[in-house]
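Novice: Give me a model of this one.
(one chain, ligands or ions: 2)
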Amino acid sequence: MAIRFYNTLTRSKEEFSPLEGNTVRIYSCGPTVYSYAHIGNMRTYIFMDSLRRVLKRGGYGLLHVMNITDVGHLTDDGDDGEDKLEVASREQKKTPWEIAEYYTGVFMRDVDALHISRPEIIAKATDNIGEMIEFVKELCDGGFGYEISDGIYYDISKFPEYGMLSRLKLDDQLSGARVEVNSEKRNPADFALWKKAPKEHIMQWPSPWGMGYPGWHIECSAMGLKYLGNRFDIHTGGVDHIPVHHENEIAQGWGCCGEIPAAFWLHGEFMLVDGGKMSKSLGNTYTIAQLAERGYSPLDFRYLCFNSHYRQKLNFTFEGMDGAKRSLANLRRAVSAHRGAGENFDRARLDELKAEFDESVFDDLNIPRALGAVWGMAKLDGKNDEIFRAIVDADTILALDLDKEPEEEAVNDAADPEADEINTLVAERAAAKKAKNYAEADRIRNELASRGIRLTDTPEGTTWKRE
Ligand code: AMP
Ligand code: ZN
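Specialist: Ligands and ions are numbered 1, 2, ... in the order given. Down below sits the predicted model:
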């Protein structure tokens with residue numbers, strides 16, 4: 001069955017086939033590890049995982065690279081501001097390497113807990129500085145890069161196609177962005193390939209231009225080239241990368257190798273919180289660990305993501321989380337009724353639903369529709385193990401542990417000697433939450449946690465149990 005993806009470059013759904021052989025070469029922009037990844041970031045990696053699983057189902061092999069940005073790039077996408085890793089390092093009194101290692105560890109644990117299958121190659125920027133320097137040298141030799149007093153810059157007047165991905169004119173791109181006033185640059189939108197480091201900058205490496213550190217965009221270009229070659233099949237990232245980061249990667253790839261680095265550019269839409277932007281810098285973010293504290297499992301969150309197509313915005317609310325948690329439990333319950341059963345059922349309808357599942361996932365990763373087909377299978381009249389097996393097969397894409405017995409809800413233990421007091425505290429916490437006094441609600445939760453009592457918020461109310 002043909003696989004089709006929406007290609008941001010052409011603004012259309014195109015039939016996919018690998019450039020060479022049967023192995024699909026993919027590059028995904030990875031996390032910047034100066035703080036915790038939030039659930040919006042994780043949505044983008046869940047989309048990346050769906051892509052991997054669907055390609056495998058289509059019979060392809062994968063060679064997939066994701067970078068870990070452990071060199072602090074600057075505070076915005078341009079070349080301005082303070083290095084985020086160094087800021088975190090100063091605040092937490094740790095070296096940037098320690099900071100990066102810590103947050104990389106947390107990120108990889110979240111990845112595993114969310115059943116995001118790991119790319120074949122996970123490459124740290126700091127392990128590839130030599131490749132980045134070579135790339136910048138290549139650009140300078142070809143006339144695309146030039147040196148000024150604070151670094152090496154890309155001369156975008158040499159690439160008239162600049163803007164081909166975002167379809168924005170340079171003026172429009174510039175009007176939204178903070179652009180460093182630097183009279184030495186040839187064009188206002190020229191971006192840094194390599195920055196010369198002031199002495200106090202902790203992370204710096206020797207280069208033909210003295211001690212310095214790479215620009216963010218060159219990281220991805222150099223690692224893509226090293227592991228996947230001049231031109232590979234698919235590049236992924238969030239939609240925020242379209243206008244600057246990926247535009248710059250295209251410009252760099254063209255300057256170095258005379259090719260657009262990837263054939264397909266796939267972008268995941270943003271997750272919003274209560275209808276507004278969520279970002280580390282706005283401080284309105286949640287992590288997978290924070291969701292767990294509130295009683296939502298990583299797979300509850302994964303289910304939530306599957307309610308929307310990856311190219312649609314997804315508005316995160318706790319009501320939505322409650323719904324996802326409830327639906328996943330209900331689905332597992334419905335699935336488990338089929339396990340080992342032998343009743344009569346409508347086999348033709350099951351075949352239709354199986355076909356609908358495949359059509360959906362191969363049609364630009366339409367996971368919400370595919371999930372609907374799985375619900376259709378689970379709800380078929382007549383319980384039968386064949387239905388169970390069809391759902392387990394679909395779960396190689398969804399990875400929601402649909403073959404797992406639904407979890408027993410935590411039960412309040414009336415025989416517990418402290419039951420009355422705990423119930424009172426739980427009620428006080430519910431009242432505090434209702435009054436939007438979240439600090440008080442969290443205080444009560446923490447007090448109970450310190451006594452070994454775990455709360456689980458469910459749509460029907462809060463339950464508790466002793467760990
Ligand atoms: P960062 O660590 O900030 O470079 O982001 C890692 C990935 O998460 C990138 O692919 C971003 O495009 C993506 N991302 C950032 N914010 C959001 C969001 N609110 N919703 C979905 N993806 C996001
Ligand atoms: Zn990137």
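Novice: Could you report the neighbour count for the residue of the chain found nearest ligand 1?
Specialist: Here the chain gets closest to ligand 1 at one residue, residue 238, 2.0 Å apart by C-beta to the nearest ligand atom. (C-beta placed from N, C-alpha, C; glycine too.) If you count neighbours by other C-beta atoms under 10 Å, residue 238 ends up with 19.
Novice: beta partners of it?
Specialist: residue 268 (DSSP bridges).
Novice: can I assume it is in contact with residue 44?
Specialist: Yes: look at residue 238 against residue 44 with C-beta atoms under 8 Å: they come within range, at 4.7 Å.
Novice: Mind listing the shared neighbours of the two?
Specialist: residue 268 (C-beta atoms under 8 Å, 6 or more residues apart in numbering).
Novice: List the residues that contact the nearest residue to residue 313 once chain neighbours are set aside.
Specialist: Nearest in space to residue 313, with sequence neighbours left out and distances taken as C-beta to C-beta, 6 or more residues apart in numbering, is residue 269 at 5.0 Å. Shown in contact with residue 269 (C-beta under 8 Å, 6+ apart): 238, 239, 310, 311, 312, 313, 314.
Novice: hmm, which two among those residues are most spread apart?
Specialist: Spatial extent of these (C-beta to C-beta) is set by the pair 238 and 312 at 13.3 Å.
Novice: tell me the domain ranges of this protein?
Specialist: As assigned by automatic domain parsing, the chain contains the domains 17-268, 273-398, 419-466.
Novice: Compute the first-to-last residue distance for the last one.
Specialist: Yep, that's domain 419-466 we're talking about. 11 Å (C-alpha to C-alpha, to the nearest Å).
Novice: Work out the gap between it and the centre of the chain.
Specialist: How far domain 419-466 lies from its chain's middle: 31 Å, per C-alpha atoms, centre = their mean, to the nearest Å.
Novice: Let me know whether stretch 93-111 sits next to ligand 1.
Specialist: No: if you take C-beta under 6 Å from any ligand atom as the test, stretch 93-111 misses ligand 1, and the best it gets is 8.8 Å.
Novice: hmm, who's touching that stretch?
Specialist: With C-beta under 8 Å, 6+ apart as the test, stretch 93-111 has contacts from 31, 33-37, 42, 45, 68, 70, 72, 85-86, 88-89, 92, 118, 124, 126, 202-203, 287-289, 298.
Novice: in which helix or strand would I find the closest residue in space to residue 33 that isn't next to it in sequence?
Specialist: Nearest residue to residue 33 in three dimensions, chain neighbours excluded: residue 103, at 3.9 Å (C-beta to C-beta, 6+ apart). Taking DSSP states H and E as the criterion, residue 103 maps to helix 96-113.
Novice: Send over the following helix or strand past that helix as PDB, restricted to the C-alpha atoms.
Specialist: Sequence-wise, the next helix or strand downstream of helix 96-113 (DSSP H and E) is strand 121-124. As requested, the backbone C-alpha atoms of strand 121-124 are provided in PDB (Å, rounded to 0.1, in the frame of the first residue of the first chain):
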ATOM      1  CA  ILE A 121      21.700   6.900  16.000                       C
ATOM      2  CA  ILE A 122      21.500   9.500  18.800                       C
ATOM      3  CA  ALA A 123      24.300  11.900  18.300                       C
ATOM      4  CA  LYS A 124      25.600  14.500  20.700                       C
END
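Novice: can strand 121-124 be found next to ligand 2?
Specialist: No: for strand 121-124, no contact with ligand 2 is found by C-beta under 5 Å from the ion; the gap never falls below 11.3 Å.
Novice: In the stretch 1-150 of the chain, what residue comes closest to ligand 2?
Specialist: The stretch 1-150 of the chain approaches ligand 2 most closely through residue 29 (3.2 Å), counting by C-beta to the ion.
Novice: List the contacts of the closest residue to that residue other than its chain neighbours.
Specialist: Nearest non-adjacent residue to residue 29, counting by C-beta to C-beta, 6+ apart: residue 237, 4.1 Å away. By C-beta under 8 Å, 6+ apart, the contact list for residue 237 reads 28, 29, 44, 245, 246, 267, 268.
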